[in-house]
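Asks: Pasting the sequence and the predicted model now:
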Amino acid sequence: MKSNIHSLLEQTLNTLIQQGVVPAEVQARIQVDRTKDKSHGDFATNLAMMLTKAASKNPRELAKLIIDNLPAADYVSKVEIAGPGFINFFIDDNALANQLQHAVNDSKLGVNLPKTQTVVVDYSSPNLAKEMHVGHLRSTIIGDSIVRTLEFLGHNVIRQNHVGDWGTQFGMLLAYMEELQAKNGQQAELELSDLEAFYRQAKVRFDESDEFANYARQLVVKLQSGDEYCNKLWRQFNDISLSHCHQVYDKLGVSLSRSDVHGESAYNDDLTNVVADLDTQGLLTESNGAKVVFQNEFKNKEGEPLPVIIQKADGGYLYATSDLAAMRYRANVLKADRALYFVDLRQGLHFQQVFSLAKKAKFVPEHLSLEHLGFGTMNGEDGRPFKTRSGGVVKLSDLLDEAIVRANALVRSKNPDMDEETVAKIAKVVGISSVKYADLSKNRTSDYIFSFDQMLSFEGNTAPYLLYAYTRVVGIFNRVENIDLSDATISLNHEKEKALGTKLGQFNETLVRVSAKGQPHVLCGYLFELAGAFSSFYEACPVLTAETEAQKHSRLLLAKLTAQTLKQGLALLGIETLEQM
Ligand code: ARG
């Protein structure tokens, strides 16, 4: 069985609708879910209930019509109607075993999608004026795991690091850079190695000297009108700032490269067009000298209309203006079917407003799916936004270094005799993956408490637990010498073999869910359950001492597919696996 059973079921139901066997709205969404309780079979669909209106039949009657028209399929052993009109499907064990057999020999583990899309993913996107801090962690790693998952599913993915590299604060930074360079050419480079301090000092100068502040304002204007000298300074600054970002990306194992940077400045030339086009369509209003758009559906608490500010009275453009230009670019140049934005939930209103405006202004086609996939705040153990002891922002790179130091102590305590170099190598993977996994395994939209102790625990849904589980599975293969599994077949007889097989068979649909909603925690939960299913199987079903050669081979194949799935699943979360730890 080449396709996986879940997609086959969805396709079969889809065909019934396409052929008009079952009357339906054109846009009917077919959903086949796993059942919670095995007595209801393996899968269930509420399709009949969804379609009653269009079909003007009651759901149970409609469910019967669907079942009567299902083509005979050997992978379904039984179908029944349940409750108000659910259809339950029982899957044949041999068909599942066949699906797994195909997966274990396939480099994509049997994962495939009938239809792929072009998906533009905006993530990480820090402001370059400052150094990356913990607030950038979530966007960076959640976005990266979704990008990897989408690519694995075969989608055409375009990464966009929409960095904040434009705007008034750059005048201040350039003015300060110039001041330092005039004093001593080398100095600026040196001081930029600590961007935070550089920003702070520039701000001090800006606040203390009117002359400096005025000069800074002049530089912004010059920069924005294309002045050669200012642009050179600006490029220098951004280059250094971006190399800081990429050091963090490297440490984190994030797949963004320099060519994915397409920041706010990239839209500078289009901003006058944005204003002109909104104006032509009669969408612009003047408000206190600024150009704004009012949309009826956006009101503040007092019921007054909320504007999107497009251009300030002094001629300056805003965050929203470049986002409008960016949407056009993503739709028309990059040809996106979906545009995803991994940005803090606190920017929710901004995205609702600009998404709706982009559609109203026909900057993007109606079918483009614009999705703000927001996330909550990472808090300290006191439940408040994560800060240093003295209340400052925590630099992301310092946080990662601390994780590695702590992981080092942990690995050392488990392996007193291990050599220093091996401990360090393992600690790096454990430290980084613990930070990532702790974040990815939480529901994206909730706030969470950052705790080194929790994330480095071997118990529960953590990176160390999963990494260790993986080493245990691959460890089995160190104990069998030169075994040839090329003629081996998977058969599912024991109840625990079936349970493990069922979990393994869910990889494809799990990834589809993860990518549809941008939810890596669904993948984490799946891998955690898979590791659990494997432990129960391994306890109940001897592998190396199985009763027959055939049984041993079948169980080894199940172990192999488990190892492959854990490794691939973790890789999609951006987490490296270890052979020992
Ligand atoms: N630079 C922004 C920030 O740090 C995030 C940008 C997100 N992307 C976007 N297209 N607006 O808050």
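Replies: Received the coordinates, thanks. Numbers count the residues shown, from 1 in each chain.
Asks: In three-state terms, label the residue in the stretch 301-450 of the chain positioned nearest to the ligand for me.
Replies: Using Cβ to the nearest ligand atom, the point where the stretch 301-450 of the chain gets nearest to the ligand is Val343, with a distance of 4.4 Å. For the C-beta atoms, the positions are set from N, CA and C on the backbone; glycine is no exception. Judged by DSSP: H, G, I helix; E, B strand; the rest coil, the three-state class of Val343 is coil.
Asks: any idea how far the nearest residue to Leu128 once chain neighbours are set aside is from Asp165?
Replies: Counting by Cβ to Cβ, 6 or more residues apart in numbering, Leu128 lies nearest to Ser241, which is 4.1 Å off, once chain neighbours are set aside. Remark: distance between Ser241 and Asp165 (Cβ to Cβ, to the nearest Å) = 8 Å.
Asks: Geometric centre of the protein: which residue is closest?
Replies: Nearest to the centroid of the C-alpha atoms of the chain, with distances taken as Cα atoms, centre = their mean, sits Ile146, at 3.0 Å.
Asks: quick one: it is in a helix?
Replies: Yes. For Ile146, which was evaluated using three-state DSSP, the result is membership in a helix.
Asks: Distance check, it against Val32.
Replies: Applying Cβ to Cβ, one obtains 23 Å for the distance of Ile146 from Val32.
Asks: what residues are up against Lys291?
Replies: Applying Cβ atoms under 8 Å, 6 or more residues apart in numbering, one finds that Lys291 lies in contact with 275, 278-279, 284-285, 309-311.
Asks: which residues touch the residue nearest to the centre of the chain?
Replies: The contact partners of Ile146, taken as Cβ under 8 Å, 6+ apart, are 121, 123, 340, 342, 373, 514-515, 518, 520.
Asks: and those residues as JSON lines, adding pLDDT and secondary structure?
Replies: Below are these laid out as JSON lines (pLDDT from 0 to 100; DSSP: H, G, I helix; E, B strand; the rest coil):
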{"residue": "Val121", "pLDDT": "98", "secondary structure": "strand"}
{"residue": "Tyr123", "pLDDT": "98", "secondary structure": "coil"}
{"residue": "Leu340", "pLDDT": "98", "secondary structure": "strand"}
{"residue": "Phe342", "pLDDT": "98", "secondary structure": "coil"}
{"residue": "Leu373", "pLDDT": "98", "secondary structure": "coil"}
{"residue": "Val514", "pLDDT": "97", "secondary structure": "helix"}
{"residue": "Ser515", "pLDDT": "97", "secondary structure": "helix"}
{"residue": "Gly518", "pLDDT": "98", "secondary structure": "coil"}
{"residue": "Pro520", "pLDDT": "98", "secondary structure": "helix"}
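Asks: hmm, which two among these are most spread apart?
Replies: The most widely separated members of those, counting by Cβ to Cβ, are Tyr123 and Val514 (14.9 Å).
Asks: now the helix or strand Thr422 falls within, how far from the centre of its chain.
Replies: Per DSSP states H and E, Thr422 falls inside helix 420-440. Taking Cα atoms, centre = their mean, to the nearest Å, one finds helix 420-440 lying 20 Å from the centre of the chain it belongs to.
Asks: mind listing the strands for the chain?
Replies: Secondary structure of the chain, counting by DSSP state E: strands at 32-34, 43-45, 76-82, 86-91, 118-122, 156-160, 285-287, 290-299, 305-311, 338-341, 369-372, 378-379, 448-449.
Asks: Could you export those strands as CSV, including distance to the ligand?
Replies: Putting these into CSV (distance: least, Cβ to the nearest ligand atom, whole Å) gives the following:
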stretch, distance to the ligand
strand 32-34, 33
strand 43-45, 37
strand 76-82, 45
strand 86-91, 41
strand 118-122, 5
strand 156-160, 8
strand 285-287, 23
strand 290-299, 17
strand 305-311, 13
strand 338-341, 6
strand 369-372, 9
strand 378-379, 15
strand 448-449, 19
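Asks: out of the ones you listed, deepest packed?
Replies: strand 338-341 (a mean of 24; mean count of other Cβ atoms under 10 Å).
Asks: Adjacent strands (with direction) for that strand?
Replies: Counting by DSSP bridges, the strands paired with strand 338-341 are strand 118-122 (parallel), strand 369-372 (parallel).
Asks: Would you mind reformatting those strands (as TSV) and adding columns for distance to Gln580 while you're at it?
Replies: As requested, those are arranged in TSV below (distance: least, Cβ to Cβ, whole Å):
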stretch	distance to Gln580
strand 118-122	34
strand 369-372	41
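Asks: thought Pro126 was touching Leu137?
Replies: No. Pro126 is not in contact with Leu137 according to Cβ atoms under 8 Å; the separation is 10.5 Å.
Asks: Can you list the low-confidence ranges for this protein?
Replies: Per-residue confidence of the chain (counting by pLDDT under 70) places the weak regions at 1-2, 25-28, 185-190.
Asks: Can you name the residues of it that neighbour the ligand?
Replies: 122, 125-127, 162, 164, 323, 326, 341, 343 (Cβ under 6 Å from any ligand atom).
Asks: Next up, the contacts around Ser124.
Replies: Residues in contact with Ser124, defined by Cβ under 8 Å, 6+ apart, are 136, 139-140, 143-144, 161, 245, 249, 254, 256, 342.
Asks: measure it to Ile87 for me?
Replies: Taking Cβ to Cβ as the measure, Ser124 and Ile87 are separated by 43 Å.
Asks: How about Lys251?
Replies: If you go by Cβ to Cβ, the gap between Lys251 and Ile87 works out to 50 Å.
Asks: what's the neighbour count on the nearest residue to Ala469 once chain neighbours are set aside?
Replies: In space, not counting the residues next to it along the chain, Ala469 is nearest to Ala531; the distance is 3.9 Å by Cβ to Cβ, 6+ apart. As a burial measure, the neighbour count of Ala531 was computed by other Cβ atoms under 10 Å and equals 22.
Asks: next one: Gly525
Replies: Per other Cβ under 10 Å, the neighbour tally for Gly525 reads 15.
Asks: can you tell me how far it sits from Gly226?
Replies: Gly525 sits at a distance of 51 Å from Gly226 (criterion: Cβ to Cβ).
Asks: now do Phe198
Replies: 25 Å.
Asks: These two - which one has more neighbours?
Replies: Comparing Phe198 with Gly226 by other Cβ under 10 Å, the one with more neighbours is Phe198, at 24 against 10.
Asks: Contacts only, for that one.
Replies: The contact partners of Phe198, by Cβ under 8 Å, 6+ apart, come to 173, 176, 191-192.
Asks: Could you identify the pair within the residues you listed that is furthest apart?
Replies: Between any two of the contacts of Phe198, the greatest separation by Cβ to Cβ is 11.2 Å, found for Leu173 and Glu191.
Asks: Between those two, point out the one with more neighbours.
Replies: Neighbours per residue (other Cβ under 10 Å) separate Leu173 from Glu191, with Leu173 holding more: 26 against 16.
Asks: Chain neighbours aside, what residue packs nearest to Ile67?
Replies: Leaving out its chain neighbours, Ile67 is closest to Val79 (Cβ to Cβ, 6+ apart), at 5.3 Å.
Asks: who does that neighbour bridge with?
Replies: Listed beta-bridge partners, Val79: Phe89 (assigned using DSSP bridges).
Asks: Compute the distance between it and Gln99, please.
Replies: With Cβ to Cβ as the criterion, Val79 and Gln99 are 18 Å apart.
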